[in-house]
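# coords below, sequence missing:
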Ligand SMILES: CC(=O)SCCNC(=O)CCNC(=O)[C@H](O)C(C)(C)COP(=O)(O)OP(=O)(O)OC[C@H]1O[C@@H](n2cnc3c(N)ncnc32)[C@H](O)[C@@H]1OP(=O)(O)O
């Protein structure tokens with residue numbers, strides 16, 4: 001039947017159609033708040049009755065208990081033991097009544113003793129249980145995901161040893177995945193995949209997940225969320241931390257069609273963008289491939305979550321043949337149909353190891369082909385008080401330069417060059433020095449030069465060097481010019497001049513004499529530089 005009729009007003013991702021043939025077993029034939037199709041408990045099939053309104057957005061703590069309510073404390077076959085109808089997989093409100101505080105305790109044993117309810121240990125391994133699920137619902141599994149019984153490509157740890165130690169550190173993706181994997185291994189985090197199997201702890205988690213969905217998907221009718229999360233054709237992969245549900249994905253495996261439909265996906269607000277969503281999706285893919293035998297996922301992604309799905313390998317192009325999925329999945333208004341192929345081999349829950357090893361292999365290959373990984377000792381580049389190197393180093397003496405393929409004829413990066421190819425470096429340097437010397441003299445003789453002739457004395461201006469971190473003055477520049485070693489390009493000299501004027505305008509306000517001198521002298525200097533460059537046929541900038 002068309003279950004859309006129960007939620008005609010859902011504004012976004014509302015269900016607008018569903019295949020009657022494939023939904024019949026899965027869908028509740030009435031809303032979660034209705035009460036039909038009850039049956040008596042059998043010894044193996046005890047769905048806990050609840051007293052809470054599970055369609056509300058309350059936390060688990062607020063789920064009220066109806067201690068002593070009908071059926072709550074006995075496992076007799078009375079009519080009050082309302083549970084789920086096996087044949088129709090119906091889920092109804094009655095089946096969720098009298099969820100006692102005993103169940104909310106973590107006291108599984110006590111709860112089991114009181115209710116004779118089937119309790120599974122939290123850390124049970126992945127185990128496909130006998131199907132309680134509809135014909136396409138796959139197996140009813142209540143399973144921590146990624147445990148040993150899930151087949152996966154296991155990469156031997158020894159393999160890392162073939163690689164050298166100087167490896168690139170992980171990218172963000174790997175770092176997040178690895179950190180969450182460590183949390184899992186330490187038992188602080190777990191990923192489980194389960195459905196409505198009547199196990200107390202599982203029901204608590206499913207309700208926790210329902211609450212996350214209800215908050216994170218506000219446009220989705222709460223009744224609809226409840227119905228699908230609790231529907232026995234659906235499964236949910238959840239992240240659990242300190243026994244609290246951090247988030248999860250509810251999906252329906254269409255086993256015969258080998259694809260799954262993701263109905264809901266959300267992470268609780270304060271844990272988003274920390275990698276949980278990615279790890280969750282990786283667990284889901286591994287589980288769906290290895291346990292359900294699926295090859296694809298389809299989902300109607302909310303517009304604002306499309307980016308997340310793209311990062312998880314989903315595309316808007318649907319390659320899955322239409323006859324495999326059309327009529328099976330639900331249409332949602334305001335969502336974009338997206339598909340993800342599940343790789344048959346990828347170790348989804350250990351992608352970070354795979355990526356790290358691929359990186360190492362590439363790094364290893366680069367080392368074989370180049371020597372760029374060799375780190376040479378640094379050069380002694382001590383300078384005196386005006387910044388002139390104490391020891392002149394020839395370019396060709398720089399360690400590693402020749403080894404990297406440098407040759408002396410590549411020494412042509414200076415912006416101060418002679419036009420004549422035959423002019424040697426010494427004469428070029430001489431011309432440059434003469435030009436800079438003449439510019440300095442012109443500035444020095446200018447009436448506005450007086451504030452710039454000497455370095456600023458910190459005794460006169462105590463806070464000057466707190467504000468000006470790169471001081472400059474005409475005397476320092478003169479020493480640099482006369483060393484004939486410092487300014488190897490005209491640009492270096494011009495940079496120092498610009499710094500000197502910029503400092504004056506940074507420290508002093510525009511109405512001060514210093515600021516005005518800087519502006520006038522700079523204007524004068526610029527004119528002289530232009531004139532000098534134009535008159536010199538040998539000098540190019
Ligand atoms: C079928 C549906 O249910 S559609 C509705 C999807 N759910 C929602 O929109 C509910 C609100 N959002 C959420 O619950 C979460 O943000 C989720 C489930 C979408 C993502 O879970 P997170 O734990 O935040 O994802 P995770 O931290 O692994 O992020 C993975 C990457 O996706 C990006 N990302 C996460 N959410 C979004 C988003 N809404 N849009 C675009 N990019 C996103 C992250 O920035 C990150 O990128 P990076 O790897 O480049 O750093």
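Yep, it's here. What you see is a predicted model; the values in this text were computed from it and never measured.

# name the single longest strand found in this protein.
Counting by DSSP state E, the longest strand found in the chain is strand 244-254.

# strands paired with it, and their directions?
Using DSSP bridges, the strands paired with strand 244-254 are strand 235-241 (antiparallel), strand 259-267 (antiparallel).

# now do the buried residues in the first one.
Spelled out, it's strand 235-241. 235, 236, 237, 238, 239, 240 (16 or more other C-beta atoms under 10 Å). Bear in mind the C-beta positions are built from the backbone N, C-alpha and C, glycine included.

# nearest to the ligand among those residues?
Distance to the ligand, by C-beta to the nearest ligand atom, is smallest for residue 239 among these, at 8.8 Å.

# residues in contact with the closest one?
By C-beta atoms under 8 Å, 6 or more residues apart in numbering, the residues touching residue 239 are 189, 190, 191, 245, 246, 247, 248, 267, 276, 279, 280.

# could you redo the last one with a cut-off of 6 Å?
Going by C-beta atoms under 6 Å, 6 or more residues apart in numbering, residue 239 touches 191, 246, 247, 276, 280.

# among the residues you listed, which ones lie close to the ligand?
Restricting these to those within reach of the ligand (C-beta under 6 Å from any ligand atom) leaves residue 276.

# quick one: the residue of the stretch 151-300 of the chain at minimum distance from the ligand and residue 338, what's the gap?
Here the residue of the stretch 151-300 of the chain nearest the ligand is residue 277; by C-beta to the nearest ligand atom that distance is 2.2 Å. Between residue 277 and residue 338 the distance is 15 Å, computed by C-beta to C-beta, to the nearest Å.

# ok, residue 357 next?
With distances taken as C-beta to C-beta, residue 357 is found 30 Å from residue 338.

# do the same with residue 442
Where residue 338 is concerned, residue 442 sits at a distance of 70 Å (C-beta to C-beta).

# those two: which is more packed in?
Taking other C-beta atoms under 10 Å, residue 442 and residue 338 do not tie; residue 338 has more neighbours (22 against 17).

# elements contacting the host helix or strand of the more buried one?
Secondary structure assignment for residue 338, by DSSP states H and E: strand 335-341. Strand 335-341 sits against strand 296-302, with contacts defined as 3 or more C-beta pairs under 6 Å, 6 or more residues apart in numbering; DSSP states H and E.

# next, the angle from the strand it packs on to strand 335-341.
Using axes from the mean of the first three to the mean of the last three C-alpha atoms, to 10 degrees, one finds that strand 296-302 and strand 335-341 are set 150 degrees apart in direction.

# contact partners of strand 296-302?
Residues outside strand 296-302 that contact it (C-beta under 6 Å, 6+ apart) are 259-262, 309, 320, 325, 329, 332, 335-341.

# and stretch 263-270, by the same measure?
212, 213, 216, 228, 246, 247, 249, 250, 276, 277.

# residue contacts, the third one?
Read it as residue 216. With C-beta under 6 Å, 6+ apart, residue 216 has these contacts: residue 266.

# could you report the pLDDT at it?
pLDDT, residue 216: 97.

# now the last one
The predicted structure scores residue 277 at 98 on the pLDDT scale.

# one step back: buried set for the longest strand of the chain?
Across strand 244-254, burial judged by 16+ other C-beta under 10 Å covers 245, 246, 247, 248, 249, 250, 251, 252, 253, 254.

# excluding its backbone neighbours, what's nearest the fifth one?
Spelled out, it's residue 249. In space, and not counting its chain neighbours, residue 249 is closest to residue 265: 4.5 Å by C-beta to C-beta, 6 or more residues apart in numbering.

# now swap in the first one and tell me
Distance criterion C-beta to C-beta, 6+ apart; nearest residue to residue 245, sequence neighbours excluded, is residue 208 at 3.4 Å.

# just give me the neighbour total for residue 469.
For residue 469, the neighbour count with other C-beta under 10 Å is 8.

# give me the three-state assignment for it.
Recorded secondary structure, residue 469: coil (DSSP: H, G, I helix; E, B strand; the rest coil).

# and residue 354, what does it touch?
residue 347.

# which element, helix or strand, includes it?
Going by DSSP H and E, residue 354 is in helix 351-369.

# what do you get for residue 181?
Using DSSP H and E, residue 181 maps to helix 172-185.

# which parts of this structure sit against the ligand?
Residues of the chain lying close to the ligand by C-beta under 6 Å from any ligand atom are 172-173, 216-217, 262, 264-267, 272-278, 299, 301-302, 304-305, 307-308, 311.

# could you turn the buried ones of those residues into a PyMOL selection?
Remark: buried members of the residues of the chain next to the ligand, expressed as a PyMOL selection using 16+ other C-beta under 10 Å:
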select buried, resi 216+217+262+264+265+266+267+275+276+277+278+299+301+302+305+308
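
# point out where the protein drops to low pLDDT.
The chain contains residues with pLDDT under 70 at 1-170, 411-423, 537-541.

# and it, what are its domain boundaries?
188-344, 426-538 (the TED database).

# so which of the ones you listed gets nearest residue 374?
Of all those, domain 426-538 sits nearest to residue 374, with 27.3 Å by C-beta to C-beta.

# one step back: output the strands paired with strand 244-254 as CSV; include the columns distance to residue 458.
Formatted as CSV, those follow (distance: least, C-beta to C-beta, whole Å):
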stretch, distance to residue 458
strand 235-241, 57
strand 259-267, 56
